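How does the following fold in three dimensions:
(2 chains)
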There are 2 protein chains.
Amino acid sequence: MYEVKVFVTLKESIIDPAGTAVKDALHRLDFAEVQTVRVEKMIRMTIASTDEIEARIEAMCKALLVNTVMEDYRYEIEKIS
Amino acid sequence: MYEVKVFVTLKESIIDPAGTAVKDALHRLDFAEVQTVRVEKMIRMTIASTDEIEARIEAMCKALLVNTVMEDYRYEIEKIS
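The predicted model follows:
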């Protein structure tokens, strides 16, 4: 069994409206020291043991989890049993 | 300047509809080895140097970033300049 974390982030050049909204709200709450905010996504999965786990995760990212036009991704794989 | 990552996760006992939808979609795409999926949130911020950075981040989490009834959080602070 593996625990896999896929981090999906908007490419730096893409505007992040959720991040902008959070930053504006923090400023209104007097957290003026906050300069940039990006809201990203982390998909945490448990996956049954399988050959070629990395290839399977790459395939999942490309088929469903990531919009590769707008998003970058990276993942961490940990064997848990 | 600090780079701060706040990880916000639904408490384990709370149903995660986005995670369920992703899991179902992966199964339909023949990724049958996927057993559980949780979709979590990561808020990445740059923050101007300030005293008591940890206390400020705790305050931001409680004021805006985290719904502490349903969500847990943890954060990482890195000094970048």
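
elements contacting the lengthiest strand in chain A?
Secondary structure of chain A per DSSP state E: the longest strand is strand A:34-47. For strand A:34-47, the elements it packs on are strand A:2-10, helix A:17-28, helix A:53-60, strand B:34-47, judged by 3 or more C-beta pairs under 8 Å, 6 or more residues apart in numbering or on different chains; DSSP states H and E. Placement of C-beta: from N, CA and C, glycine included.

Chain B contacts on chain A?
Proximity of chain A to chain B, by C-beta under 8 Å from any C-beta of the partner chain, involves residues A:1, A:7, A:9, A:19, A:22, A:25-26, A:29, A:31, A:33-50, A:56, A:59-60, A:63-65.

Could you turn the buried ones of these into a PyMOL selection?
Filtering those down to the buried ones (16 or more other C-beta atoms under 10 Å in any protein chain shown) takes a single PyMOL command:
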select buried, chain A and resi 7+9+19+22+25+26+31+33+34+37+38+39+40+41+42+43+44+45+46+47+56+60+65
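
Report the beta-bridge partners for A:E78.
Counting by DSSP bridges, A:E78 forms beta bridges with A:E3.

what's the spacing between it and B:K41?
20 Å (C-beta to C-beta, to the nearest Å).

cool, A:L10 as well?
13 Å.

Overlap in contacts, those two.
A:E40 (C-beta atoms under 8 Å, 6 or more residues apart in numbering or on different chains).

can you redo the helices and strands packed on strand A:34-47 as TSV with distance to B:V69 and mean pLDDT?
Formatted as TSV, those follow (distance: least, C-beta to C-beta, whole Å; pLDDT from 0 to 100):
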stretch	distance to B:V69	mean pLDDT
strand A:2-10	24	96
helix A:17-28	19	97
helix A:53-60	31	96
strand B:34-47	16	96
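
for these, which one sits closest to A:R74?
The closest of those to A:R74 is strand A:2-10. By C-beta to C-beta, the value is 5.3 Å.

Check which helices and strands the closest one is in contact with.
strand A:34-47, helix A:53-60, strand A:71-79.

in it, what's buried?
A:2, A:4-10.
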